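> The following block contains a protein sequence and its predicted model.
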Amino acid sequence: MDTFALVVVVLTALFFTYTNGFHDSANAIATSISTRALTPRVALGMAAVMNLAGAFLGSGVAKTVSEGIIDTPTGKQGMTILFAALLGAIVWNLVSWYYGLPSSSSNALFGGMIGAALAGSSAVHWDGVVTKIVIPMFASPLIGLILGYLVMVAILWIFRRANPHRAQRGFRMAQTVSAAGMALGHGLQDAQKTMGVVVMALIIADVEDESDAIPLWVKLSCATMLSLGTYAGGWRIMRTLGRRIIELDPPRGFAAETTAASVLYSASYVFNAPISTTHVITSAIMGAGATRRISAVRWGVAKSIVAGWFITMPAAGIVAALCYLGVHFTVG
């Protein structure tokens with residue numbers, strides 16, 4: 001097997017993880033920053049550390065990514081498919097980051113994998129795509145929206161007689177914990193997705209077997225790059241999540257973060273499903289914000305965000321397919 005091709009694919013996967021980090025850093029900390037519970041640099045540092053820790057808490061999502069979506073042939077063609085898939089995801093991450101659109105890095109990766117596999121005439125596990133990607137893609141935001149609303153309603157009822165100023169201060173402190181939990185869930189989900197791709201490359205190169213555990217260096221490198229990307233920050237998307245959807249207060253920020261973190265942990269440990277942290281936190285913010293009044297949520301902004309969700313997979317897939325054809329005809 002061409003060692004150079006393996007190195008290129010692994011390095012590209014790590015760069016994708018870096019873009020994932022700065023693209024999705026807003027998921028964990030935008031609400032805490034917008035409510036002034038944390039300063040930006042403190043929030044980013046905390047999120048980077050928790051991302052690093054979360055990457056070591058499981059491997060079920062990585063197994064789903066490496067085995068449940070596409071079949072890649074051995075040799076140069078398999079490496080080309082993975083390389084093109086990663087390029088498609090990276091390009092979409094950069095485009096959506098530039099326009100401040102909180103699209104899903106996860107769905108960009110899956111779209112890239114499917115597009116590159118189809119272009120390379122490789123098998124796609126459509127049953128796995130439907131059950132592990134498409135259904136969670138629609139179900140997780142809906143669950144986040146409903147739970148975010150219900151959690152905030154419960155908070156309003158429990159603290160209905162509390163001193164408003166004291167309650168605000170208490171929830172501002174509590175957001176430190178909820179933001180950390182959200183960042184931990186982000187690391188648990190998103191670092192594993194890249195681990196799955198790297199494992200696929202190692203299997204194609206005949207360096208690892210499917211039954212082998214994920215090597216420690218793979219976990220550490222993916223976790224580190226995600227953390228570095230998170231610390232770099234994604235200020236454009238952070239502004240969209242933290243301010244443009246709704247002006248959050250500490251109780252609603254706490255409700256949204258707690259809801260999103262709970263959904264991430266459930267998906268990771270119960271279903272081994274790779275879901276989008278972006279979809280979950282955005283819908284949870286909408287749900288928590290709607291308890292103020294329905295019109296408090298800027299549904300025009302929310303509509304453009306949801307539209308971005310739908311175009312992410314096909315857009316990344318098209319870019320990945322074009323990248324595969326370009327590399328295939330250039331390199332041979």
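Alright, I've got the coordinates.
> where exactly do the helices run in the stretch 1-150 of the chain?
3-34, 40-54, 60-67, 76-98, 105-119, 126-129, 135-158 (DSSP state H, counting those that start in this stretch).
> where does the residue of the chain most remote from its centre land in three-state SS?
Distance to the chain centre peaks in the chain at residue 161, reaching 37.8 Å (criterion: Cα atoms, centre = their mean). Secondary structure for residue 161, judged by DSSP: H, G, I helix; E, B strand; the rest coil, is coil.
> Phi and psi next, for it.
Backbone geometry at residue 161, expressed as degrees, to the nearest 10, gives phi -100, psi 0.
> again, but for residue 292
Phi and psi for residue 292, reported as degrees, to the nearest 10, are phi -70, psi -50.
> Could you measure from residue 76 over to residue 271?
As for residue 76, its distance to residue 271 is 35 Å (criterion: Cβ to Cβ, to the nearest Å). Where C-beta positions appear, they are placed from N, C-alpha and C, glycine not excepted.
> Give me the below-cutoff pLDDT ranges for the stretch 1-150 of the chain.
1, 25-29, 100, 102 (pLDDT under 70).
> correct me, but residue 183 touches residue 52?
No: assessed by Cβ atoms under 8 Å, residue 183 is found out of contact with residue 52, at 9.5 Å.
> Can you report how many residues neighbour residue 118?
Residues lying near residue 118 (other Cβ atoms under 10 Å) number 17.
> List the contacts of the spatially closest residue to residue 128 that is not a sequence neighbour.
Leaving aside its chain neighbours, residue 128 sits nearest to residue 68 (3.9 Å; criterion: Cβ to Cβ, 6 or more residues apart in numbering). For residue 68, the contacting residues are 125, 128, 132, by Cβ atoms under 8 Å, 6 or more residues apart in numbering.
> Distance-wise, check the last one relative to residue 126.
So that's residue 132. For residue 132, the distance to residue 126 equals 11 Å [Cβ to Cβ].
> between these two, who's got more neighbours?
Between residue 132 and residue 126, residue 132 has the larger neighbour count (other Cβ under 10 Å), namely 23 against 11.
> is it true that that one touches residue 275?
No: in this structure residue 132 lies outside contact range of residue 275 using Cβ under 8 Å: 9.3 Å.
> Where does the residue nearest to residue 285 when sequence neighbours are not counted sit, in terms of helix or strand?
Among residues not flanking residue 285 along the chain, residue 256 sits closest, at 4.6 Å (Cβ to Cβ, 6+ apart). Using DSSP states H and E, the element containing residue 256 is helix 250-266.
> could you give the angle of that helix to helix 3-34?
150 degrees (axes from the mean of the first three to the mean of the last three Cα atoms, to 10 degrees).
> can you state the direction angle for the following helix or strand past helix 250-266 and helix 250-266?
Following helix 250-266 in sequence order, the next helix or strand is helix 277-289 (DSSP H and E). Angle of helix 277-289 versus helix 250-266, following the same axes, to 10 degrees, is 140 degrees.
> now helix 277-289, how far from the centre of its chain.
13 Å (Cα atoms, centre = their mean, to the nearest Å).
> what's near enough to touch residue 312?
With contact set as Cβ under 8 Å, 6+ apart, residue 312 has these partners: 92, 96, 103-104, 107-108, 111.
> Which element, helix or strand, includes it?
Here residue 312, judged by DSSP H and E, is contained in helix 299-331.
> can you check residue 177 too?
helix 164-186.
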